[in-house]
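In: Structure for this input, please:
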Amino acid sequence: MKLNDLKPNEGAKRSKKRVGRGPSAGQGKTAGKGTKGQHARQGAGGHLYRQGGNLPFYRRLPFMRGEGFTPPNRVEFNEVSLSDLERLDSAVEITPEVLAEANLLRKKRNPIVILGNGEVEKAYRLKVHRITKGARSKIEAAGGSVEIIG
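Out: All right, here's what the predicted structure looks like:
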């Protein structure tokens, strides 16, 4: 067998229907679309959002869908890095009030999370709402302690 011997299977290939080429072709004059009307016209079927008088689907949905949608009851945390704690005194117990006085919080009413960016040399005693595993291990390695408040 050679490449020039290859042929598709019988009936696998059909020639394209050439419409509107005269009466003897079988698809002449109206080209199989009937007489007049919406479906005989070019671009028939209307556009995607037209739903025959109904309110279109995309207008029935409420606003803010997809990636732009923000859950209304999510919890926003004040993020404080370990490197930010370096300017605080290690003798004092670090609470949300101490962090607020040091201007380390964006919104004072939001809970606080300690992130593990930076190194710790002092032994801090922390009272915060949340702390990452890396930050906790660095603080405890330096001789400090962490207490989670509700």
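
In: okay, CA-based contacts and neighbour counts for the rest of this
Out: Noted.

In: secondary structure element for the residue nearest to T95 when sequence neighbours are not counted?
Out: Once its chain neighbours are removed from consideration, T95 has its nearest residue in K127; the separation is 5.0 Å (C-alpha to C-alpha, 6 or more residues apart in numbering). Taking DSSP states H and E as the criterion, the element that holds K127 is strand 125-128.

In: who touches that strand?
Out: By C-alpha atoms under 8 Å, 6 or more residues apart in numbering, the residues outside strand 125-128 that reach it are 90, 92-96, 111-114, 144-149.

In: That one: which residues count as buried?
Out: Within strand 125-128, the residues that qualify as buried are R125, L126, K127, V128, counting by 16 or more other C-alpha atoms under 10 Å.

In: How far away from the center of its chain is that strand?
Out: Here the centre of strand 125-128 is set off from its chain's centre by 34 Å, with C-alpha atoms, centre = their mean, to the nearest Å.

In: Low-confidence stretches in this structure?
Out: Under the criterion pLDDT under 70, the flagged ranges of the chain are 64-69.

In: Just the helices from it, written as ranges.
Out: 57-60, 82-85, 96-101, 133-141 (DSSP state H).

In: Can you check which of those helices gets nearest to Q38?
Out: For the helices of the chain, proximity to Q38 was assessed by C-alpha to C-alpha; helix 57-60 is nearest, at 22.3 Å.
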